[in-house]
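Novice: predicted model follows, preceded by the sequence.
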Amino acid sequence: MVNILITGSSGYLGENLILKLFKQKKYKITGIDIKPNKKTEGLIRFVNADISNGEALKQNLNNIDVICHCASLLHGNTKESFKSINIDGTMNIYNLAKENAVKKIVLTSSVGAISMDLRNQKWPVNENHISDPNNFGVSPYHYGESKKSQEHIAKTFADKFNIQTIVLRPCTFFAVEDAHEIGFRLTGSYAVVDDIANAHVAAIDLLLDKQKSESINKFEIIFITNNLPYKDSDKRLIRDGNMRKIVSKYWPEGSKFIFELGYKRTIFSGVYDLSKAKKILNWEPSFNFNEWYNYCKEKNLTFENRKQKYKKKNH
């Protein structure tokens, strides 16, 4: 069986990825995290370790065929905390991969590695776009900086030590408690975790296919976001972050539905070109705003409490 190491195995992405890989019954999975996860307990060999501690990782990279490096600090107070986990931890993973002859890595980066504000760039933005992480407060800025550094580390090891890496840049995909909020977010830069996990599975499968892996570069960066229909000429429809006009243009029926729930804006960093993901990974998101709206209709979800709360607030 193929041996896969997943860092950040107890996180939201790590958990969902493990459950998908386990179902395929063709992988022996080792997970590394600072805490266990009950949902994956018994499905994997779990290693309780911090990736910023290189010594603690050494004995756990034996006989590994591919690493999926998902571990990351998303929220932190200082630049040093992001450096310790995201940058130093990534350096540890690559150094140990080199020492243990691991030649295949999938790295979870972020659209934040270039910027979380591409609204003034030409849409759709592709992987050749170059920009620095923008400063939307201390934490997001350091997060983006650390993701950019991760990508730099990966490229260096690909160039110097022949460690083939597919860097995946997802948009936000964290769990959302309220179903109506998922619809709000899917009009902007948000993807459901199932789609993001599927992209990682596709990247792993590609790297393990000798013929396919040799047909791509040793270092590839790929956007994996939700699919937005917005065109570059639509920018004029967004004023001061209010996205009602642009949403109305593309989803006339669905927009009325979410407007009654209080929708005005959401997290939106720009529109991304997904053609490379389709070409290389044969991946595209399966759950976008249309799917969410159709699901709500099929399940007769009206969110009456939310609707009444919004009406009361505005009258």
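Specialist: Cool, the structure landed.

Novice: so where is the protein shaky, pLDDT-wise?
Specialist: Applying pLDDT under 70 to the chain flags residues 60, 76-77, 135-141, 315.

Novice: domains in it, by residue range?
Specialist: 2-224, 232-269+290-313 (automatic domain parsing).

Novice: a markdown table for these, including distance to Lys278 and mean neighbour count?
Specialist: Where C-beta positions appear, they are placed from N, C-alpha and C, glycine not excepted. Below are those laid out as a markdown table (distance: least, C-beta to C-beta, whole Å; neighbours: other C-beta atoms under 10 Å):
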| stretch | distance to Lys278 | mean neighbour count |
| --- | --- | --- |
| domain 2-224 | 10 | 19 |
| domain 232-269+290-313 | 17 | 15 |
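
Novice: to Asn282, which of the ones you listed lies closest?
Specialist: domain 2-224 (6.5 Å; C-beta to C-beta).

Novice: centre of the chain to that closest one, how far?
Specialist: Remark: domain 2-224 is offset 8 Å from the chain centroid, using C-alpha atoms, centre = their mean, to the nearest Å.

Novice: out of the domains of the chain, nearest to Trp283?
Specialist: Nearest of these to Trp283, taken as C-beta to C-beta: domain 2-224 at 4.6 Å.

Novice: show the end-to-end separation of that closest one, please.
Specialist: Domain 2-224 has its terminal residues 25 Å apart, counting by C-alpha to C-alpha, to the nearest Å.

Novice: next one: stretch 4-15
Specialist: From the first residue to the last, stretch 4-15 extends over 14 Å; the measure is C-alpha to C-alpha.

Novice: contacts for stretch 115-133 next, please.
Specialist: Contacts with stretch 115-133, where a contact means C-beta atoms under 8 Å, 6 or more residues apart in numbering, come from 112-114, 134, 136, 140-141, 143-145, 147-148, 169, 221-223, 230-232, 234-235, 238, 268-276.

Novice: how about that stretch as PDB, C-alpha atoms only?
Specialist: As requested, C-alpha coordinates have been extracted for stretch 115-133 and formatted as PDB (Å, rounded to 0.1, in the frame of the first residue of the first chain):
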ATOM      1  CA  SER A 115      -3.200  39.000  -1.800                       C
ATOM      2  CA  MET A 116      -6.600  38.900  -0.200                       C
ATOM      3  CA  ASP A 117      -7.600  41.900  -2.300                       C
ATOM      4  CA  LEU A 118      -7.500  41.400  -6.100                       C
ATOM      5  CA  ARG A 119     -10.600  43.300  -6.800                       C
ATOM      6  CA  ASN A 120      -8.700  45.900  -8.900                       C
ATOM      7  CA  GLN A 121      -6.800  43.300 -10.900                       C
ATOM      8  CA  LYS A 122      -8.000  41.900 -14.200                       C
ATOM      9  CA  TRP A 123     -10.400  39.000 -13.700                       C
ATOM     10  CA  PRO A 124     -10.000  36.100 -13.700                       C
ATOM     11  CA  VAL A 125      -6.600  36.200 -11.900                       C
ATOM     12  CA  ASN A 126      -4.300  33.300 -12.900                       C
ATOM     13  CA  GLU A 127      -1.400  31.600 -11.200                       C
ATOM     14  CA  ASN A 128       1.100  33.900 -13.000                       C
ATOM     15  CA  HIS A 129      -0.100  36.900 -11.100                       C
ATOM     16  CA  ILE A 130       2.600  38.400  -8.800                       C
ATOM     17  CA  SER A 131       1.800  40.600  -5.800                       C
ATOM     18  CA  ASP A 132       2.600  40.800  -2.100                       C
ATOM     19  CA  PRO A 133       0.300  39.800   0.700                       C
END
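
Novice: okay, helices next: where are they in this protein?
Specialist: Counting by DSSP state H, the chain forms helices over residues 12-23, 54-57, 79-82, 89-99, 138-161, 179-185, 193-208, 210-214, 244-250, 252-259, 275-276, 289-298, 304-313, given from the N-terminal end onward.

Novice: same list (those) but as JSON lines, adding distance to Lys38.
Specialist: Compiled in JSON lines, these are given as follows (distance: least, C-beta to C-beta, whole Å):
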{"stretch": "helix 12-23", "distance to Lys38": "10"}
{"stretch": "helix 54-57", "distance to Lys38": "22"}
{"stretch": "helix 79-82", "distance to Lys38": "26"}
{"stretch": "helix 89-99", "distance to Lys38": "24"}
{"stretch": "helix 138-161", "distance to Lys38": "27"}
{"stretch": "helix 179-185", "distance to Lys38": "24"}
{"stretch": "helix 193-208", "distance to Lys38": "17"}
{"stretch": "helix 210-214", "distance to Lys38": "34"}
{"stretch": "helix 244-250", "distance to Lys38": "38"}
{"stretch": "helix 252-259", "distance to Lys38": "35"}
{"stretch": "helix 275-276", "distance to Lys38": "36"}
{"stretch": "helix 289-298", "distance to Lys38": "28"}
{"stretch": "helix 304-313", "distance to Lys38": "31"}
